[in-house]
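model the structure of this input:
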Amino acid sequence: MYLYNIMENRSIYIFRNYTVEPLFKNFTAVSYSGYEDVSNVPTDVSVYLWFYLSPANMSEDELIEKIGDLKEKLNLALKSCNQSSDILLFTLCPVDQFTYLVNKKRIKQAITEYNQYLYSVADSRALTRVIDTDEFLIENQTAVDWRYYFLYKTLLNPALYDSFSVWLKGKLSFIAGMRKKCIVLDLDDTLWGGVLGEEGLEGIKLGNDYPGNVYMEFQKMIFSAGKTGILLSIVSKNNEKEVWDAFEKHPDMILKKDDFVTLRINWKDKADNIRDIARELNIGLDSLVFIDDNPHERNWIIKALPEVIVPEFPESEYMIIPFFQDIYKKWFQVYDLTREDQEKLNLYKQNSKRQLSKKSYARIEDYIESLDTRISISEADNFSIPRIAQLTQKTNQFNLTTRRYSESDISEFLSSGHKVYYASVADKFGDNGITAVCIIKFITDEKAEIDTYLLSCRILGRFIESALLRKILNCLYDNGLREIFASYIPTPKNVQTATFYDKLGFEITEDEPVKKYRLKLRGYFDIERYYSFKDI
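Sure thing, here's the model as predicted:
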């Protein structure tokens, strides 16, 4: 579920200087300020939107003065806002492009300073994000319909309402960290021009002249995308030795073997290879984007694996760069990079090493003991809240309730006296970072409910999920908890958790459609000796 979907069920208050109601017609529970009014700000809302548009039909001096006043208005508004609510600040850009002077330096400088101020506010205030309105308006040049401007004080052209809704939905989903995880790449006529097996290392198109310069630039973009936490993989019908010769010996090859998390270079069916990649990485097929120049291969993947995103590859080589830019904007943008995003390639490679190590042990217990697993459990703080919210947004497989929460929701849990725990897991192969979340809602001092319990797919397969919850329950027992309730809410993706609470000894109180559980705490759970914990 995207942040967009969450906002449909949350109360929203929009500060505005024009009529903007039609732009937000797909949201419910929305209220609006008066035009340029920052008084009487409600505090019982979940999300505030600062949606001021650059005034139209003004002289240069008037516009610059107006922009200067906006900072003071914003500061007044922020003082009145609920401090535990999300705030989205939309940047200012000139909707009405007409000016009396060719030299727009003063206007551009005023707008730039104002937008930089928005970013400084977001950096200094928790739960605050900036959305670049400029991006939408650049793509939609006919921004003003003067008839609606004068009749209804509506600045944006009504013809843009639907496209604005789609654009905003995408931005909100990326703020929530909901992006695809892996790009699956073909090689011939995709990462380079020509067919390697037919034209040889010297014959493929990759270099400083057209069209080789297009493919070289494309590889640079793929490499940069990988640095933002996107996993790169290869599925290609080719001879593996020839491919590695090309990667190692071609002087203009940007990407290297180590940039890819997993590879399928063989003559097998590509759909089967893609299924293998999803299984190996322990991610859903709907987390993959497949890029291949061959229309027959694309059509086959669309039919065989409808969950996979398969964009139409451009016929003209010079269109490959805007093609990839569009893919990245649609499926891979992220508001900010977490440490886990930056380390993702290494984290998945560490998991590959774990899987290889596992094959050398006859007993799973011996394998787990060999890992030297260290689990650190902490209570949520300002540093961890963004990552905790991100995990609730994107974790599907091991997630008992699949409830999605924003940063302000997590803050609200804490301010209401509930417990939000997160865990970091490390072993001899490396540190997986923050990969587990448990939210405990207290009913009384002795009774509580497990609202959320989830683990990232990166740490599954080592029985950490059971040991971790036992440890948390032991700590709660120490603090006087005597009865705990829990639920399993089934989804198409969390089937593996259907009997998790049953195996821990919870009693089923209701079975359909949601399984509900209760457990009397009468002492401490035993925990396997091969897990070491840093106490909460």
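
okay, now the unreliable bits of the stretch 251-400 of the chain?
Low-confidence segments of the stretch 251-400 of the chain (pLDDT under 70): 338.

hey, where'd the helices end up in it?
With helices called from DSSP state H, counting those that start in this stretch, the stretch 251-400 of the chain shows them at 270-281, 295-304, 320-331, 339-342, 344-358, 364-370, 385-394.

hmm, who's touching the first one?
Contact partners of helix 270-281, identified using C-beta atoms under 8 Å, 6 or more residues apart in numbering, comprise 181-182, 184, 231, 233, 235, 237, 261-262, 264, 266, 284-285, 287-288, 290, 292, 297, 300-301, 304-305, 308, 348, 352, 355. (C-beta placed from N, C-alpha, C; glycine too.)

L521 contacts L476, correct?
Yes - judged on C-beta atoms under 8 Å, L521 makes contact with L476 at a distance of 7.5 Å.

pick out whichever of the two has more residues nearby.
Shown here are L521 and L476; by other C-beta atoms under 10 Å, L476 has more neighbours (20 against 17).

any shared contact partners between L521 and L476?
Common neighbours of L521 and L476 (C-beta under 8 Å, 6+ apart) are I484.

on that earlier part again, got CSV for the helices of the stretch 251-400 of the chain, with distance to R470 and mean neighbour count too?
Below are those laid out as CSV (distance: least, C-beta to C-beta, whole Å; neighbours: other C-beta atoms under 10 Å):
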stretch, distance to R470, mean neighbour count
helix 270-281, 28, 18
helix 295-304, 42, 14
helix 320-331, 38, 16
helix 339-342, 25, 16
helix 344-358, 22, 16
helix 364-370, 15, 15
helix 385-394, 20, 22
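
please name whichever of those is nearest to I67.
helix 320-331 (27.8 Å; C-beta to C-beta).

that older thread, mind putting the helices of the stretch 251-400 of the chain into a markdown table with distance to E135?
Output for the helices of the stretch 251-400 of the chain, formatted as a markdown table (distance: least, C-beta to C-beta, whole Å):
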| stretch | distance to E135 |
| --- | --- |
| helix 270-281 | 31 |
| helix 295-304 | 28 |
| helix 320-331 | 9 |
| helix 339-342 | 21 |
| helix 344-358 | 25 |
| helix 364-370 | 47 |
| helix 385-394 | 22 |
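
which one of these lies closest to A436?
Of the helices of the stretch 251-400 of the chain, the one closest to A436 (C-beta to C-beta) turns out to be helix 385-394, at 8.0 Å.

for that closest one, name the packing helices and strands.
Using 3 or more C-beta pairs under 8 Å, 6 or more residues apart in numbering; DSSP states H and E, the elements in contact with helix 385-394 are helix 407-415, strand 419-427, strand 430-442, strand 447-455.

could you verify that Y210 is part of a helix?
No - assessed with DSSP: H, G, I helix; E, B strand; the rest coil, Y210 is coil; it does not lie in a helix.

how many neighbouring residues does S415 have?
Neighbours of S415 under the rule other C-beta under 10 Å: 10.

please report the distance of it from S84.
6 Å (C-beta to C-beta, to the nearest Å).

over to E449?
For E449 relative to S84 (C-beta to C-beta), the value is 21 Å.

ok, now W146?
41 Å.

so between the two, which is more surrounded?
When neighbours are counted by other C-beta under 10 Å, W146 and S84 differ, and S84 comes out ahead with 18 against 12.

confidence score at the closest residue to I14 other than its chain neighbours?
Leaving aside its chain neighbours, I14 sits nearest to L49 (4.5 Å; criterion: C-beta to C-beta, 6 or more residues apart in numbering). On pLDDT, L49 comes in at 95.

L53: neighbour count?
Neighbour number of L53 under other C-beta under 10 Å is 22.

so what's it up against?
16-18, 20, 92, 95, 133, 155-156.

which one of those is nearest L391?
Using C-beta to C-beta, those come closest to L391 at T133, 29.1 Å.

contacting residues around the closest one?
53, 90-93.

can you rerun that using 7 Å?
90-91, 93 (C-beta atoms under 7 Å, 6 or more residues apart in numbering).

kindly report the same for T509.
By C-beta under 7 Å, 6+ apart, T509 lies in contact with 516-518.

how about a cut-off of 10 Å?
Neighbouring residues of T509 by C-beta atoms under 10 Å, 6 or more residues apart in numbering: 485-487, 515-518.

just N17 next, same as before
Neighbours of N17 in contact, by C-beta under 10 Å, 6+ apart: 33-37, 51-55, 66, 70, 73, 153, 155.

switch to 6 Å and redo it
Contact partners of N17, counting by C-beta atoms under 6 Å, 6 or more residues apart in numbering, are 35-36, 52.

that one and D69, how far apart?
11 Å.

ok, now E36?
With C-beta to C-beta as the criterion, E36 and D69 are 9 Å apart.

which of these two has more neighbours?
Neighbour tally, E36 and D69, criterion other C-beta under 10 Å: the higher count belongs to E36, 15 against 11.

quick one, what contacts the more buried one?
When contacts are taken as C-beta under 6 Å, 6+ apart, E36 is in contact with N17.

and with 10 Å instead?
Counting by C-beta under 10 Å, 6+ apart, E36 touches 15-18, 52, 55, 66, 69-70, 73.

cool, V243 as well?
For V243, the contact set (C-beta under 10 Å, 6+ apart) comprises 187-188, 196-197, 234, 236, 257, 263, 265.

which of those are buried?
With neighbours counted using 16 or more other C-beta atoms under 10 Å, the contacts of V243 contain these buried positions: 187-188, 196, 234, 236, 263, 265.

among those, which are located in helices?
Judged by DSSP state H, the buried ones among the contacts of V243 include L196 as members of helices.

return the list of strands paired to the helix or strand S31 falls within, each annotated with direction.
Assigned by DSSP states H and E, S31 belongs to strand 30-35. In the sheet, strand 30-35 lines up against strand 12-16 (parallel) (DSSP bridges).

ok so, going back, now the contacts of T509 as JSON lines including neighbour count?
Compiled in JSON lines, those are given as follows (neighbours: other C-beta atoms under 10 Å):
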{"residue": "F485", "neighbour count": "17"}
{"residue": "A486", "neighbour count": "22"}
{"residue": "S487", "neighbour count": "19"}
{"residue": "K515", "neighbour count": "20"}
{"residue": "K516", "neighbour count": "18"}
{"residue": "Y517", "neighbour count": "22"}
{"residue": "R518", "neighbour count": "16"}
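
wait, which of the residues you listed is closest to A380?
Closest approach to A380 among these (C-beta to C-beta): A486, at 19.5 Å.

tell me the secondary structure at that closest one.
At A486 the chain is in strand, as set by three-state DSSP.

test my guess that it contacts R518.
Yes - counting by C-beta atoms under 10 Å, R518 is a contact partner of A486 at 7.9 Å.

and for these two, which residues touch both?
By C-beta under 10 Å, 6+ apart, A486 and R518 have these common neighbours: 449, 501, 506, 509.

give me the buried subset of the residues you listed.
Here, 16+ other C-beta under 10 Å leaves 449, 501, 506 buried among the shared contacts of A486 and R518.

turn the residues you listed into CSV, including pLDDT.
Listed next are the buried ones among the shared contacts of A486 and R518 as CSV, based on pLDDT from 0 to 100:
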residue, pLDDT
E449, 98
Y501, 97
F506, 97
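
how about those residues in JSON lines, adding distance to W192?
What follows is those, written out as JSON lines (distance: C-beta to C-beta, whole Å):
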{"residue": "E449", "distance to W192": "56"}
{"residue": "Y501", "distance to W192": "52"}
{"residue": "F506", "distance to W192": "56"}
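
redo the buried ones among the contacts of V243 as CSV? Include distance to K359.
CSV is the format used below for these (distance: C-beta to C-beta, whole Å):
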residue, distance to K359
L187, 29
D188, 33
L196, 32
I234, 23
S236, 26
L263, 19
I265, 22
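
show me the buried ones among the contacts of V243 that map onto strands.
If you go by DSSP state E, those have 234, 236, 263, 265 in strands.

what residues are bridge-paired with the closest residue to the third one other than its chain neighbours?
Looking back up the chat, that one is L263. Nearest residue to L263, sequence neighbours excluded (C-beta to C-beta, 6+ apart): I234, at 4.8 Å. I234 forms beta bridges with L185, L263, as assigned by DSSP bridges.
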